[in-house]
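J.: what follows is a predicted protein model with its sequence.
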Amino acid sequence: MEWCDRATEIGLASIVLPEIISAFCRLRRESLVSDVQYRQLKSSLLVDIEDAALCDLAPTALAQTISALENNTLRAMDAIHIGSAVILKADVFVSADKRQCEAAVQAGLRVELLV
């Protein structure tokens with residue numbers, strides 16, 4: 001959250017919303033959050049990303065994604081985030097995934113590994 005608080009703009013791959021909602025749904029299915037908590041999480045997420053710059057999966061973003069996949073050992077979703085960050089010309093790419101951060105560096109991004 002510290003990075004989000006300091007940022008003047010946040011850029012996200014367009015897949016981030018369904019990706020996070022999927023995680024929230026899993027938490028609800030596993031009874032780790034109640035229906036009320038699920039709705040609160042979803043509502044907070046929608047407010048949080050309201051002003052974010054979203055990168056669609058346009059051909060240029062897909063080309064960057066494919067490059068990340070071809071040159072690194074990554075999951076497709078992780079590569080999409082890297083490709084989107086390249087297209088959005090992100091000042092910093094923030095992730096807790098070491099492999100994803102290494103690939104982001106290779107793609108020319110400045111990276112902050114969260115621990």
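T.: On my side now, so go ahead. Numbers count the residues shown, from 1 in each chain.

J.: hmm, which helix or strand of the protein has the shakiest average pLDDT?
T.: When each helix and strand of the chain is scored by mean pLDDT, DSSP states H and E, helix 2-6 comes last, with a mean of 64.

J.: can you tell me how far Ala107 is from Val115?
T.: Taking CB to CB, to the nearest Å as the criterion, Ala107 is separated from Val115 by 21 Å. All C-beta spots, glycine's among them, are computed from the backbone N, C-alpha and C.

J.: apologies, that question was intended for Ser34.
T.: 30 Å.

J.: can you check Asp56 too?
T.: Using CB to CB, Asp56 is found at 31 Å from Val115.

J.: more neighbours, these two?
T.: Asp56 (12 against 4; other CB atoms under 10 Å).

J.: which phi and psi does that one have?
T.: With angles defined as degrees, to the nearest 10, Asp56 sits at phi -70, psi 160.

J.: test my guess that it contacts Ser14.
T.: Yes. At 5.1 Å, Asp56 counts as touching Ser14 under the criterion of CB atoms under 8 Å.
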